[in-house]
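A.B. asks: Predicted model, plus sequence, below.
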Amino acid sequence: MALQTRNTNVLAEPLASNAEWVHESSAEVEIKLYHGHTGAINSCQLIEDKNWLITGSNDNTARVWDFNSGKQIHLYKLNHDMADIPSVRMNQEGTRLYSCSWDKTVRCFDVETGKERWKGVHEQIVTNCQISLDGKLLCSGTDLDSLVTIWDAENGLVNTRIPNVHESTITSCQFNIAGDRIITTSMDKTTKFYDLVSQRSTITLKGHEGSVSQCAFNKFERSYATCSWDKNVLLYDATTGSFRREGPYVLPKVHEGSVAACHMSDSGKLLVTGGYDLRVVLWDLENMTHKIVLRGHSDWINDVCLTNDDKWIVSVSSDCEIRLWHIGNCDNRLIMDNSKLLKIVNCHQCGKNFSSNKIKRDEGEATSAAPAILCVFCRLELKQKVAPTHTYSLDDYDRPAFNEAILHK
């Protein structure tokens, strides 16, 4: 379910006293700013059925905000002794809140009462946690021992411990949509998929030259994106399996610093990234280029997310600010690429919009079968004499042999 806005005109939405519009009157992207946290904000999450935005901060609190107005609905004291809190997550039903901290603990709170329900303890710093889509399991990853622990989300009992998943610190962990795989990223420059049924690592994605911060995927799990301290964003296409033979696609280098977070739209057409260069970047994955670069934060951007209708980006930062960027009017905007404005044009064959830096124009070949302006996908299709007959999925790669180095594309 999409977020419920009360007005077609977003500027007509009434804001709480702690919220404000901060864009210029002529701006193409409207920006809302929510105030309240007093420490670095490290995570954000949307519960769209309730119009809730959840944030977690080093000020030892988690807060629930009304997405539309910015009104603070709940504030939770997290009992982490002021240690850094890298992640706060809530189940989709909005009944349980989970946090992890450098104090080596994972905690569960009742959303209605705010009381702590259970506490789990690691032997090392906890760097990340994530709840499964069905809300039954919680996974957490640690620093020195590279351990992933899966907890019963209701009572805090340990379900599974997975040791030595990586050769270095785990930077993120999450369940896939079905809940039968754990996807982890690490300072060892890799992303790994651990199958909970076979209890083994089945896929290792390589290609980065620095620590991998996060992995994002669409709801069909056919496309994966990873971001890294090497300033790069890589794409892996599981539909064609091309990453196995040729390595990942490398998006143009737009970030000038470490890329800390990424979030992919359900359709897989859009990706949003945030980094330590204070930039939020919206990517057009169909055209393999960036669509817009958003600036406004004054300190590291630690997490980003995108609403299901692709109209809003949420970013949180060490500057203690929550920014909501309305990008609903940017579908046909000009794209800034290498200081040149690129027009969005239309493919004569498939009808899709794409940026003019992807134009293939050849008047000598302009026929009904090969139009003068083609997108990259139609150009590839024309080059293929025989269309592929098999659609790949991750199950096609579930074998231990997939540990060879993947070359850069």
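C.D. replies: Structure's in. What do you need?

A.B. asks: Quick check, central residue of this protein?
C.D. replies: H263 (1.9 Å; CA atoms, centre = their mean).

A.B. asks: does N79 sit in a helix, a strand or a coil?
C.D. replies: Assigned state for N79: coil (three-state reduction, DSSP: H, G, I helix; E, B strand; the rest coil).

A.B. asks: go on, S213?
C.D. replies: strand.

A.B. asks: try R245
C.D. replies: helix.

A.B. asks: From Y236, how far out is it?
C.D. replies: 12 Å (CB to CB, to the nearest Å). For glycine as for every other residue, the C-beta is placed from the backbone atoms N, C-alpha and C.

A.B. asks: One more: I131?
C.D. replies: The gap separating I131 from Y236 is 24 Å, by CB to CB.

A.B. asks: Need the phi and psi values for D49.
C.D. replies: Note on D49: backbone dihedrals following degrees, to the nearest 10 are phi -60, psi -30.

A.B. asks: and it, how many neighbours?
C.D. replies: A count of nearby residues for D49, using other CB atoms under 10 Å, gives 13.

A.B. asks: Which residues does stretch 12-26 contact?
C.D. replies: With contact meaning CB atoms under 8 Å, 6 or more residues apart in numbering, stretch 12-26 is reached by 5-7, 11, 29-36, 66, 68-72, 296.

A.B. asks: go again using 10 Å as the cut-off
C.D. replies: In this structure, residues lying in contact with stretch 12-26 by CB atoms under 10 Å, 6 or more residues apart in numbering are 5-7, 10-11, 27, 29-36, 65-72, 296, 321-326.

A.B. asks: Give me the buried stretch members for it, please.
C.D. replies: Buried residues in stretch 12-26, counted by 16 or more other CB atoms under 10 Å: 13, 15-16, 19, 21, 23.

A.B. asks: can you check stretch 165-177 too?
C.D. replies: Those would be 165-166, 169-176, for stretch 165-177 by 16+ other CB under 10 Å.

A.B. asks: Sort out which one of those lies nearest Q45 for me.
C.D. replies: Q174 (11.7 Å; CB to CB).

A.B. asks: Could you tell me which of the buried residues of stretch 12-26 are located in strands?
C.D. replies: Counted as lying in strands by DSSP state E, out of those, are 19, 21.

A.B. asks: Report the two of the buried residues of stretch 12-26 separated the most.
C.D. replies: The largest separation in the buried residues of stretch 12-26, counting by CB to CB, is between A16 and H23 at 17.8 Å.

A.B. asks: returning to that earlier point: buried subset of the contacts of stretch 12-26, written for PyMOL?
C.D. replies: Command for PyMOL that selects the buried part of the contacts of stretch 12-26, burial taken from 16+ other CB under 10 Å:
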select buried, resi 5+10+29+30+31+32+33+34+36+65+66+67+68+69+70+71+72+296+321+322+323+324+325+326
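
A.B. asks: pretty sure F220 contacts G268?
C.D. replies: Yes. Between F220 and G268 there is a contact under CB atoms under 10 Å: 7.0 Å.

A.B. asks: Show me the common contact partners of those two, please.
C.D. replies: T239.

A.B. asks: Between those two, tell me which one has more neighbours.
C.D. replies: Higher neighbour count among F220 and G268: G268, with 22 against 13, using other CB under 10 Å.

A.B. asks: ok, now which ones touch Y194?
C.D. replies: By CB under 10 Å, 6+ apart, the residues touching Y194 are 139, 148, 150, 160, 162, 165, 173, 180-184, 200-203.
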